[in-house]
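# Next come a sequence and a model predicted from it.
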Amino acid sequence: MYIEKEPAKTVQDQKAKKALEKEPVEAPKAKKKEQLKAAGGYAAQSKAVSAREAPRLNQVAAPQKEPVAELKKLFREMDLPDKLVPENVADFSYDQATGALVIQLKNAFSRQFDAENTVSFDKTISGTIQKGAFSGLTGIRRGSASIVSIERTRPGVVGIRGKLGPFSKTMEFKDEQLPSLP
């Protein structure tokens, strides 16, 4: 003889199972997509920003119209020669809070500064820009030496400091001696 322990519960389970069989079940992903479309898509979503991510909000990107003109303006504001800005800048980002500057060029190139100094520029140049200095540079080299900073040494004169291993050397150029960059 078989005795059912909880007859009411089994009857409810059977009714729920029959109801589920009658109704088509939507896939969860399809439902989410429909909800996103109704809410305006991914652009309508908002994200809470943590304190660590807050400095990223201070980033100012160059307007897509004239990144070269905007970058030259930034260099003049920082008392650096705007001749140091290449004409083939594709885009750049500048964080006012930290001074971090990342420049994206359309292509890498080399330019001869004087009889013995040819400087190569990578496609991406980065560093920290502040009043009178562009330091912590990456993406600029002179031969096998890397250029680590460009500083205003005195009015009308710029010092370009290169480093090869433990040795460093500063080359000075008058603003008018600097070649225009492609």
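Noted; the coordinates are in hand.

# need the strands for this structure, in chain order.
Remark: strands assigned in the chain by DSSP state E are 59-61, 89-95, 100-105, 109-114, 117-130, 133-142, 145-154, 157-164, 167-174.

# Select the helix or strand of this structure having the lowest average pLDDT value.
Least confident helix or strand of the chain, by mean pLDDT, DSSP states H and E, is strand 59-61 with a mean of 49.

# Pull up the distance across stretch 163-177, start to finish.
Length of stretch 163-177, first residue to last, Cα to Cα, to the nearest Å: 22 Å.

# How about stretch 153-161?
Note: stretch 153-161 ends 11 Å apart using Cα to Cα.

# quick one: contacts of it?
Contact with stretch 153-161 is made by 80-81, 84, 113, 119, 147-152, 168-175, 178, as judged by Cβ atoms under 8 Å, 6 or more residues apart in numbering. From N, CA and C alone the C-beta is placed, and that goes for glycine too.

# are any of these buried, and which?
For the contacts of stretch 153-161, a burial check counting by 16 or more other Cβ atoms under 10 Å picks out 80-81, 84, 119, 147-152, 171, 173, 178.

# Name the nearest residue to Lys73, sequence neighbours excluded.
Asp82 (7.8 Å; Cβ to Cβ, 6 or more residues apart in numbering).

# List the contacts of that neighbour.
So Asp82 contacts 72-73, 75-76 (Cβ under 8 Å, 6+ apart).

# distance of it from Phe167?
Remark: distance between Asp82 and Phe167 (Cβ to Cβ, to the nearest Å) = 30 Å.

# What of Gly136?
With Cβ to Cβ as the criterion, Gly136 and Phe167 are 18 Å apart.

# So for these two, which residue has more residues nearby?
Gly136 (14 against 8; other Cβ atoms under 10 Å).

# ok so, going back, tell me the one among the buried ones among the contacts of stretch 153-161 nearest to Ala100.
Ser149 (14.6 Å; Cβ to Cβ).

# That concludes my questions; thank you for your assistance.
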